[in-house]
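> Need coordinates for the following:
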Amino acid sequence: MVKGEYLSLLEGPMAEAPAGYEARVVRDWHVPQGADTNCTFEYGEDDGGVTPFVGTEFISEGWTAQAQVRPGVGQPPWVVFLSTSGIGPRIDMDDDGRVAIVLPHAATESAEWNGRDVGFYDLEITSPDNERTRLAMGMVIISHDVTRDVI
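Here you go, the predicted structure:
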């Protein structure tokens, strides 16, 4: 990262990782089962003002992102997110530096999600030069729902 760049959260508390970081941001993601949810970050250049730098070249055409939620390291993923997916669980990347991990309600409606309480995620982006950066990581806490779709 160049001096002045930052990764800020659009919601929730933020903890910056020290040098030799595991991720630039460590943040827990509370997932309401059966509801549409996302975990959104904003990346840009700190201009010293309130408004983040818009249109940063850091995340632009040619960049990709991936994320996974797992019960633990090395265990099968509960859900996989890709920036190349247009529907379902995906990662939306905007030219204004916003990166959103999107989890639609249908992805958490299955009965197997009833037994899932806590997992872990990380979010990685890859440059057009194939340089990978882990932007964020944290726990995923599932808040179970009662209401189900009526067939």
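> any idea which strand is longest in the protein?
strand 132-143 (DSSP state E).
> residues touching the residue most central in space within the chain, list them.
Nearest residue to the geometric centre of the chain (CA atoms, centre = their mean): Ile101, 4.0 Å. Ile101 is in contact with Trp29, Asn38, Cys39, Thr40, Ala67, Phe81, Ile91, Tyr121, Leu123, counting by CB atoms under 8 Å, 6 or more residues apart in numbering. (Each C-beta comes from the backbone N, C-alpha and C, glycine too.)
> repeat that for 6 Å
With contact taken as CB atoms under 6 Å, 6 or more residues apart in numbering, Ile101 is in contact with Cys39, Ala67, Phe81, Ile91.
> now for the longest strand of the chain, which elements pack on it?
strand 25-26, strand 29-32, strand 118-126 (3 or more CB pairs under 6 Å, 6 or more residues apart in numbering; DSSP states H and E).
> A helix includes the residue nearest to the centre of the chain, no?
No - with DSSP: H, G, I helix; E, B strand; the rest coil as the criterion, Ile101 is located in strand rather than a helix.
> which element is the nearest residue to it once chain neighbours are set aside on?
Beyond its immediate neighbours in the sequence, the residue positioned closest to Ile101 (CB to CB, 6 or more residues apart in numbering) is Cys39, lying 4.4 Å away. Taking DSSP states H and E as the criterion, Cys39 maps to strand 37-45.
> Give the next helix or strand downstream of that strand.
Counting by DSSP H and E, what follows strand 37-45 is strand 64-70.
> ok, now how distant is the nearest residue to Ala107 once chain neighbours are set aside from Phe120?
Excluding the flanking residues, the one nearest Ala107 by CB to CB, 6+ apart is Pro89, at 5.1 Å. Per CB to CB, to the nearest Å, Pro89 is found 16 Å from Phe120.
> Equivalent analysis for Arg27, please.
12 Å.
> which residues touch Leu103?
By CB under 6 Å, 6+ apart, the neighbours of Leu103 are Thr37, Pro89.
> One more: Gln68?
Listed by CB under 6 Å, 6+ apart, the contact partners of Gln68 are Pro77, Val80.
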